[in-house]
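Enquirer: Here is a sequence with its predicted model. Questions after.
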Amino acid sequence: MNLPKTSLPLTPAAAAFLASVEQQRPRVAAFDCDGTLWEGDTGEQFLYWTLERGLLPDAAVRWIQERYRGYRSGKVSEEAICGDMVTVHEGLPISTLEREADEFFAAKFVPAIFPEMRELVARLNEQGCQIWAVSSTNDWVVRAGVRRFGIPEERVLAACVYCNDGIASGRLWRVPTDEDKAVALRSVLQAPLDAAFGNSIHDAAMLSLARQAFAVNPNPDLQRIAQQRGWRVYSPMGTAAHQPEPLPGAPK
C-alpha cells in the first residue's frame, strides 16, 4: 500500500525523531490517535457534530449532556464517558455513522494531522512494519482518520458497539483505554510489540508493553512517567510545546 506523505519540509528535530524510530526497524507498532497522530479530541468533537446535525433524539441529547457534565466534574470516569459517547448513537444506521464520521474528519481534523507523524507511518509501512491504531474514540471516526495514514480498518482497535442488521446497538464491545489498550493489543498481536506512541496517561499501559516507547505531544502526566522511565519525548510541529517563545514585547 502506498501511503500519503507530507509535502511540508521537516524541521531538523522532526527529521531526527523519524530517523531514530526508523533505525529501530520495528516489526510491529501501535499508535494512539487523538493528540498523537493529530491535534485535538475527535471523540468530543464528533459528539458536538452529531448534536449539531440533529442525529440524536432529544432524550439522548439530554442524557449525554448530563453524563458529559459529570465527566467534566470528575463524577464519570474516562472509560465510562468514552463508552457513553459510542452507545449514545444506538439505533442509527452504521452507514450513516460512517458517512458522518468521514465528513466530520475531513472538515475538522485533516488540517490537524501532524505531518511528521503521517510521514513516520508511511516510512514504517515501507519497512514492512505492522501498524495498529488504538483509541478510546469511536471506531467510525478513528477509521476515517487513520485512512489518511493508510492504516487498514482491520488494524483499528477503538471504542465500538455491537451491531444488529447494520444498526448500532447500545451494547459495548470494547473501550480501549488505560490497561485495556494493552489488553486489546495482546488479544490480536502474534509478535511482540516493538514500538508504541501515545500522548496521555491513558496510553501508559500500551507504552509499557512495547520494547520502545515514545511519548508524542505528551500531557504533563505522561511527561512525568516518560522522564521516570527514560521514554523518548517528542513534540510535533504545530503543537504548543513546539512553538518558539515570543520575542520580548511581542503580543501574546
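Expert: Thanks, I have it. Numbering: from 1, shown residues only.

Enquirer: what sits against residue 189?
Expert: By CB atoms under 8 Å, 6 or more residues apart in numbering, the contact list for residue 189 reads 28, 132. C-beta here means a position set from N, CA and C on the backbone, and glycine is covered the same way.

Enquirer: 10 Å instead?
Expert: By CB atoms under 10 Å, 6 or more residues apart in numbering, the residues touching residue 189 are 28, 30, 130, 132, 209.

Enquirer: What separation is there between it and residue 82?
Expert: According to CB to CB, to the nearest Å, residue 189 and residue 82 sit 22 Å apart.

Enquirer: Likewise for residue 173?
Expert: Residue 173 sits 13 Å away from residue 82, going by CB to CB.

Enquirer: before we move on, what about residue 91?
Expert: Residue 91 is 19 Å from residue 82, by CB to CB.

Enquirer: my guess is residue 181 meets residue 206, correct?
Expert: Yes - between residue 181 and residue 206 there is a contact under CB atoms under 10 Å: 4.0 Å.

Enquirer: thinking again about what came up before, shared neighbours of residue 173 and residue 82, which are they?
Expert: 158-159.

Enquirer: Of these two, which one has the most company?
Expert: Comparing residue 173 with residue 82 by neighbour count (other CB atoms under 10 Å), the higher total belongs to residue 82, at 22 against 14.

Enquirer: Wait, that one touches residue 137, no?
Expert: Yes - between residue 82 and residue 137 there is a contact under CB under 10 Å: 7.3 Å.

Enquirer: any residues in contact with both of the two?
Expert: Common neighbours of residue 82 and residue 137 (criterion: CB under 10 Å, 6+ apart): 43, 158-159, 175-177.

Enquirer: quick one: which two of the residues you listed are the most distant?
Expert: 43 and 176 (12.1 Å; CB to CB).

Enquirer: Pull up the overlap in contacts between these two.
Expert: Common contact partners of residue 43 and residue 176 (CB under 10 Å, 6+ apart): 82, 135-137, 142, 158-159.

Enquirer: In space, not sequence, find me the middle residue of the chain.
Expert: Computing the C-alpha centroid of the chain and ranking residues by CA atoms, centre = their mean puts residue 33 first, at 1.6 Å.

Enquirer: what are the phi and psi values for the residue lying closest to that residue once chain neighbours are set aside?
Expert: Spatial nearest neighbour of residue 33, chain neighbours left out: residue 135 (4.2 Å); criterion: CB to CB, 6 or more residues apart in numbering. For residue 135, the backbone dihedrals (degrees, to the nearest 10) come out as phi -150, psi 150.

Enquirer: Go ahead and confirm residue 135 touches residue 141.
Expert: Yes - Residue 135 is within contact range of residue 141, at 8.5 Å (criterion: CB under 10 Å).
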